[in-house]
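Trainee: got a predicted structure here, sequence first:
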Amino acid sequence: MVGASNNGEYDWAKEMKEFDSTKAGVKGLADAALSEIPKLFIHSHEVLHSNPILKPTDAGGAQLDLPTIDFQGVAEQGGARRRVVVEEIRKAAQEWGFFRIVNHGIPLETMDAMLDAAKLFHEQPTEEKKPFYSSDSSRRVKFNSNLPVLENNAACWRDVLSCVFLDDQLAPQDLPSACRKEVQEYVKYMIELREVMAELLSEALGLPRDHLSNIECMKSQALACNYYPKCPQPHKTLGSSKHSDSTFLTLLMQDSIGGLQILHNDEWMDVPAARGALIANIGDLMQIISNDRFISVEHRVVAQCVQRVSVASFFTPSLKAMGKPFEPIKELLSRENPALYREFLFREYCEHYKTKFQGVTSAKPHYRIR
C-alpha cells in the first residue's frame, strides 16, 4: 500500500516522497483512473468545512456576486468615467478585497489562447514535463504540485506551471515550447494592465496616480498556469487550501468551470466564471502598505469531478525594490491613523510565509504592531 510503513501505519513522508518521485503531478494520478484519492490528499472535515457556504441570494432574493467594474473609458485622465471607476475600486478593495474587471483591453482570443496553452502544457506526456519538474524556489520556470512543507498536512489536487518575470524579463527559451508564444503575448498585456491598475489603485488611496509605480511594488510578475485534474472524490480534498496572497495584487483568469471561493463575512462565496472577465484581488502586501484601507481576503479552490484551468498573475516588487523595506505609506498616516504594521523586506515576508505555509493562511499578523 502506498504510504504505508513497515507496521502498516500511514507514513506521510513516504507517500510524499513516492508521489514526488514520479514527477507526473496530480495529472498522473488522474490518468491512472483511481477510484479513491491517496490519503496524502485527504483534508480533514474541519478544514473542508471551516466556514459555511454562503447562499447565492440575499434575504431579498437578489443574486450575490462580486462587484464588477467596467474599465471602458478609464484611460481618460481626470475624466468623469475614470473618477467613477476609481471610486468603485476604492469601495471594492475596502469592502471585498476582490472585484471582477470587464473591458480591460486584453483581447478575448489572447485570453482563450493562454488558457488553451496552459491546458496543453499540463496534458503533455509526463516525459515532456519532467525537465521542468522542481521544487527549487530559485528556478524561474518550474512545474510541480506545490506540495505541503509541514509534516502531515494534506496536499491539494492541483498542478502548476510557474513562470517568474523579474523586472518583466524572462528569457523566451526558458519557457516550455507548448505555451511559449501564448505566455509571452499574455504577459505583454498583463504588464499594460498592471500599469493601469497601479494608477487606479493609487488614486483610490487618494495618492498621486504614479505613487505605486514609483515605489516599484508591482514591477515583477509570477505567472501561474494552474491545472486541476478531475477528481474522483472532490468532497475529500481541495484544489487550493484557504489562504490570502503574499503579493501586492493578483489578476486571475478562470476557464468556464469556476471553483474559486472567497471568504466574505465568514462564509464561503462562489465566484462564478465569466468569459472575458478578470478577477482582481488585493494581496497581503497591499493591505499592509495601505494601512488596512484595502483588505486582502482569504480564498480557496474547491476540487471537482471535471478538469479546470486558471491562469494567475501575481505582482511583486522589482529587483531594486526587493532590497528596500516596505511599510505603511506615510501619506496615509496621521496621529488618528498611526501605522498598524512594522516595516519588512519582501523576501523576508515571503520566507516567513513559506516556513509557516498551511500552518497559517497569511503572514500579516506577524508584522502587525501589537
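Mentor: Sure, I can see it. Residues are numbered from 1 along each chain as shown.

Trainee: what residues of whichever helix or strand residue 187 is part of count as buried?
Mentor: Using DSSP states H and E, the element containing residue 187 is helix 180-204. Residues of helix 180-204 classed as buried by neighbour count (16 or more other C-beta atoms under 10 Å): 180, 182-183, 185-187, 189-191, 193-194, 196-204. Where C-beta positions appear, they are placed from N, C-alpha and C, glycine not excepted.

Trainee: now swap in stretch 85-101 and tell me
Mentor: Applying 16+ other C-beta under 10 Å to stretch 85-101 flags 85-86, 88-90, 92-93, 96-101 as buried.

Trainee: and which of those is nearest residue 79?
Mentor: Distance to residue 79 across these (C-beta to C-beta) is lowest for residue 85, with 9.6 Å.

Trainee: do you know how far residue 343 is from residue 306?
Mentor: 45 Å (C-beta to C-beta, to the nearest Å).

Trainee: do a quick rundown of the strands in the stretch 201-350 of the chain.
Mentor: 220-228, 238-243, 249-254, 260-264, 267-270, 278-282, 299-302, 308-316 (DSSP state E, counting those that start in this stretch).

Trainee: closest one to residue 149 among the ones you listed?
Mentor: Among the strands of the stretch 201-350 of the chain, strand 238-243 sits nearest to residue 149 (C-beta to C-beta), with 12.5 Å.

Trainee: which neighbours in the sheet does that closest one have, and how are they oriented?
Mentor: If you go by DSSP bridges, strand 238-243 pairs up with strand 299-302 (antiparallel).

Trainee: let me see the mean pLDDT of the strand it pairs with.
Mentor: Averaging pLDDT along strand 299-302 gives 96.

Trainee: swap in stretch 96-107?
Mentor: 97.

Trainee: just the endpoints, please. Distance across that stretch?
Mentor: 27 Å (C-alpha to C-alpha, to the nearest Å).

Trainee: again, but for stretch 165-179
Mentor: Stretch 165-179: ends 15 Å apart by C-alpha to C-alpha.

Trainee: buried residues, that stretch. List them.
Mentor: So for stretch 165-179, counting by 16+ other C-beta under 10 Å, buried means 165-166, 170, 175-176, 178-179.

Trainee: out of the residues you listed, what pair is the most spread apart?
Mentor: Taking C-beta to C-beta, no two of the buried residues of stretch 165-179 sit farther apart than 166 and 178, at 22.4 Å.

Trainee: show me the shaky parts of this protein.
Mentor: 1-8, 55-64, 355-361 (pLDDT under 70).

Trainee: hmm, residue 140 is touching residue 166, no?
Mentor: Yes: contact criterion C-beta atoms under 8 Å: residue 140 and residue 166 qualify, at 7.2 Å.

Trainee: and residue 279, how many residues sit next to it?
Mentor: 22 (other C-beta atoms under 10 Å).

Trainee: so what's the nearest residue to it once chain neighbours are set aside up against?
Mentor: Nearest residue to residue 279, sequence neighbours excluded (C-beta to C-beta, 6 or more residues apart in numbering): residue 252, at 4.2 Å. Shown in contact with residue 252 (C-beta atoms under 8 Å, 6 or more residues apart in numbering): 260, 278-281, 310-313.

Trainee: what bridges to residue 252?
Mentor: residue 279, residue 312.

Trainee: can you check residue 144 too?
Mentor: residue 160.

Trainee: and stretch 229-248, end to end?
Mentor: 29 Å.

Trainee: now that stretch, how far from the centre of its chain.
Mentor: From the chain centre to the centre of stretch 229-248 is a distance of 11 Å (C-alpha atoms, centre = their mean, to the nearest Å).

Trainee: if I look at residue 14, how far off is residue 40?
Mentor: Residue 14 is 10 Å from residue 40, by C-beta to C-beta.

Trainee: more neighbours: the two, which one.
Mentor: residue 40 (22 against 14).

Trainee: my understanding was that the more buried one contacts residue 12; is that so?
Mentor: Yes: with contact defined as C-beta under 8 Å, residue 40 reaches residue 12; the gap is 7.1 Å.

Trainee: thank you kindly, that will do.
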